[in-house]
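Participant: Based on what follows, work out the 3D shape:
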Amino acid sequence: MAANAKQLDRQAESRTRLAFLTTHPIQYCAPVFRALAERSDVELEVLYCHDATPSEQAAAGFGVEFNWDVELLAGYSHRFLKNVANKPTVGSFNGLDTPEVRSLISRGRYDAVVVNGWHFRSAWQAMFACWRSRTPVLMRSDSHLRSGRSTVRKALKWPLYQSFIPRLDGCLATGKWSRDYFLHYGAKAERVFVVPHSVDTDYFSTTAGELLSKRDKLRARWNIAPNDFTFLFAGKFVEKKRPLDFVYAICAAAAKETSVKGLMVGDGPMRAECEATVGSLNGPISFAGFLNQSEMVQAYVAADALILPSDGETWGLVVNEAMSCGLPCIVSDHVGCGPDLIQSGLTGDIFPLSNVNGLTDLILDYAARKGEVEQMRTTVRATTSHFSVGATIKSLLDAVAVVRKSSGA
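Facilitator: Numbers count the residues shown, from 1 in each chain. As a prediction, the model looks like this:
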């Protein structure tokens with residue numbers, strides 16, 4: 001018994017005590033946290049700054065009040081920090097104010113702290129606490145330089161970002177563009193680690209396979225015929241997502257090729273305008289409304305390809321989801337995941353932002369090469385293996401190990 005106790009003590013001492021600070025429970029993060037918690041070499045604690053209400057989800061652009069219908073909190077250690085903000089919300093910098101995080105870090109509770117972005121006050125509270133206590137701090141970000149920002153705003157950001165990014169022990173970029181972003185603001189190359197954005201690829205791939213036999217039935221639900229070539233838009237109906245570009249391109253393509261159909265999933269302030277435009281153009285587009293996480297695979301199975309025409313999309317995890325289900329993806333050249341996930345003609349294509357004519361041509365090309373597009377699915381699924389939960393965890397823990405070694409922690 002004594003020997004077993006000593007062995008357990010040694011195992012506990014060798015574990016990395018890792019904190020992960022983030023704004024609120026996010027559906028994409030939960031699988032990563034659960035997988036981390038299963039490891040014998042990690043002691044994880046997730047620190048949440050806020051618990052978003054259904055009305056806040058609606059205000060964020062989803063258009064409807066809801067709670068995610070997948071488990072977000074089970075399977076890993078977590079705590080909700082006391083948020084003392086006057087108006088608690090994830091939508092503003094001052095909406096997350098959690099002084100408690102300072103004391104948690106200063107006690108030497110963690111071997112390293114990962115902070116998910118710097119756009120909220122709690123992140124800065126954690127960073128300063130790490131610097132004071134000499135606790136390694138790693139910053140996670142998917143920001144890139146192609147986001148629409150005014151010259152004045154860029155000028156204002158420059159001195160601030162150059163003052164703190166080079167001080168970070170580790171910069172966790174999600175891909176090529178976010179790596180360039182960190183380097184642009186002064187991060188040392190050896191401190192920038194690519195930790196890919198991921199979704200639960202096994203879940204999406206397995207569920208899509210199970211639903212494949214019901215594909216015609218799912219398509220009929222949204223007035224899609226078995227032989228239609230269907231393009232999917234999935235996201236918030238907000239200006240940044242450019243849903244009207246999808247509408248105009250589908251309608252223009254369908255006027256030349258009757259097999260082209262569109263399916264729009266989501267809700268938001270621009271939905272009524274999109275529906276009115278489809279009506280005025282007599283376009284072949286169905287609106288599915290908001291689908292919760294467990295329902296989204298049905299839309300991916302019903303579709304033949306995804307289109308993400310967004311402006312300033314930092315990554316676009318909907319592309320990860322769609323590709324896990326075997327869909328090639330067409331994205332604008334302002335979508336952050338493009339350089340990492342899209343190989344032209346193999347996993348999808350990239351078109352210039354707001355170029356509806358260029359998008360229309362791609363739609364027509366895909367519809368004309370239906371058999372070849374179907375063959376792309378194998379390459380599409382293979383690509384997502386590099387953006388799995390397992391890949392994210394390996395890259396994250398490798399980065400933490402390097403940072404701890406270099407800092408002497």
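
Participant: quick check: domain ranges of the protein?
Facilitator: 2-199+388-407, 201-386 (automatic domain parsing).

Participant: Could you say which of these is packed most deeply?
Facilitator: domain 201-386 (a mean of 19; mean count of other Cβ atoms under 10 Å). For every residue, glycine as well, the C-beta is placed using N, CA and C.

Participant: I'd like the domains of the chain as CSV, with mean pLDDT appended.
Facilitator: As requested, these are exported to CSV (pLDDT from 0 to 100):
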stretch, mean pLDDT
domain 2-199+388-407, 90
domain 201-386, 96
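
Participant: most centrally placed residue in this structure?
Facilitator: Residue closest to the average C-alpha location in the chain (Cα atoms, centre = their mean): residue 317, at 3.8 Å.

Participant: and the gap between the spatially closest residue to that one that is not a sequence neighbour and residue 318?
Facilitator: Once flanking residues are discounted, residue 317 sits nearest to residue 28: 5.6 Å by Cβ to Cβ, 6 or more residues apart in numbering. Applying Cβ to Cβ, to the nearest Å, the value for residue 28 to residue 318 is 10 Å.

Participant: do the same with residue 196
Facilitator: Look at residue 196 and residue 318: by Cβ to Cβ, they are 15 Å apart.

Participant: Same check on residue 379?
Facilitator: Distance, residue 379 to residue 318, by Cβ to Cβ: 19 Å.

Participant: Next: residue 403.
Facilitator: 31 Å.

Participant: Identify the bridge partners of the closest residue to residue 329 other than its chain neighbours.
Facilitator: Leaving out its chain neighbours, the residue that sits closest to residue 329 by Cβ to Cβ, 6+ apart is residue 348, at 4.0 Å. Beta-bridge pairing for residue 348 (DSSP bridges): residue 329, residue 344.

Participant: What distance do you get for residue 348 to residue 386?
Facilitator: 15 Å.

Participant: go on, residue 370?
Facilitator: Separation of residue 370 from residue 386 (Cβ to Cβ): 27 Å.

Participant: Could you look up the SS state of residue 307?
Facilitator: Look at residue 307: counting by DSSP: H, G, I helix; E, B strand; the rest coil, its state is strand.

Participant: Would you map the strands across the stretch 101-250 of the chain?
Facilitator: Secondary structure of the stretch 101-250 of the chain (DSSP state E, counting those that start in this stretch): strands located at 112-116, 137-141, 170-173, 192-194, 229-234.

Participant: any chance of those strands in CSV, plus distance to residue 268?
Facilitator: Formatted as CSV, the strands of the stretch 101-250 of the chain follow (distance: least, Cβ to Cβ, whole Å):
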stretch, distance to residue 268
strand 112-116, 24
strand 137-141, 25
strand 170-173, 29
strand 192-194, 31
strand 229-234, 12
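
Participant: Which one, of these, ends up nearest to residue 209?
Facilitator: For residue 209, the closest of these is strand 229-234, at 18.0 Å, according to Cβ to Cβ.

Participant: For the closest one, what is the distance to the chain centroid?
Facilitator: 19 Å (Cα atoms, centre = their mean, to the nearest Å).

Participant: what does stretch 38-53 give?
Facilitator: Counting by Cα atoms, centre = their mean, stretch 38-53 is centred 18 Å from the centre of its parent chain.

Participant: Now do that stretch: distance from first to last residue.
Facilitator: When the termini of stretch 38-53 are compared using Cα to Cα, to the nearest Å, they are 29 Å apart.

Participant: got it, and stretch 308-316?
Facilitator: 8 Å.

Participant: Also stretch 304-318?
Facilitator: Terminal-residue distance, stretch 304-318 (Cα to Cα): 15 Å.

Participant: Just the residues contacting the strand or helix carrying residue 280, thanks.
Facilitator: For residue 280, the host element (DSSP states H and E) is helix 271-281. Contacts of helix 271-281 from elsewhere in the structure, counted by Cβ atoms under 8 Å, 6 or more residues apart in numbering, are 63, 237, 243, 244, 247, 248, 251, 264, 283, 285, 287.

Participant: My read is that the fifth one contacts residue 262, right?
Facilitator: This points to residue 247. Yes. Counting by Cβ atoms under 8 Å, residue 247 does reach residue 262; the two are 7.4 Å apart.

Participant: Common neighbours of the two, please.
Facilitator: By Cβ under 8 Å, 6+ apart, the residues touching both residue 247 and residue 262 are 283, 285.

Participant: A helix includes the residue nearest to residue 317, no?
Facilitator: No. The assignment for residue 28, made by three-state DSSP, is coil rather than a helix.

Participant: So which residues of the stretch 51-200 of the chain form helices?
Facilitator: 54-57, 100-106, 121-133, 151-164, 176-184 (DSSP state H, counting those that start in this stretch).

Participant: In JSON lines, list those helices along with distance to residue 16.
Facilitator: Listed next are these as JSON lines, based on distance: least, Cβ to Cβ, whole Å:
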{"stretch": "helix 54-57", "distance to residue 16": "33"}
{"stretch": "helix 100-106", "distance to residue 16": "15"}
{"stretch": "helix 121-133", "distance to residue 16": "15"}
{"stretch": "helix 151-164", "distance to residue 16": "24"}
{"stretch": "helix 176-184", "distance to residue 16": "23"}
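
Participant: For the longest helix seen in the chain, which helices and strands make contact with it?
Facilitator: When the chain is parsed with DSSP state H, its longest helix is helix 389-407. Contact analysis of helix 389-407 by 3 or more Cβ pairs under 8 Å, 6 or more residues apart in numbering; DSSP states H and E lists strand 16-22, helix 30-37, strand 112-116, strand 137-141, strand 170-173, strand 192-194 as its packing neighbours.
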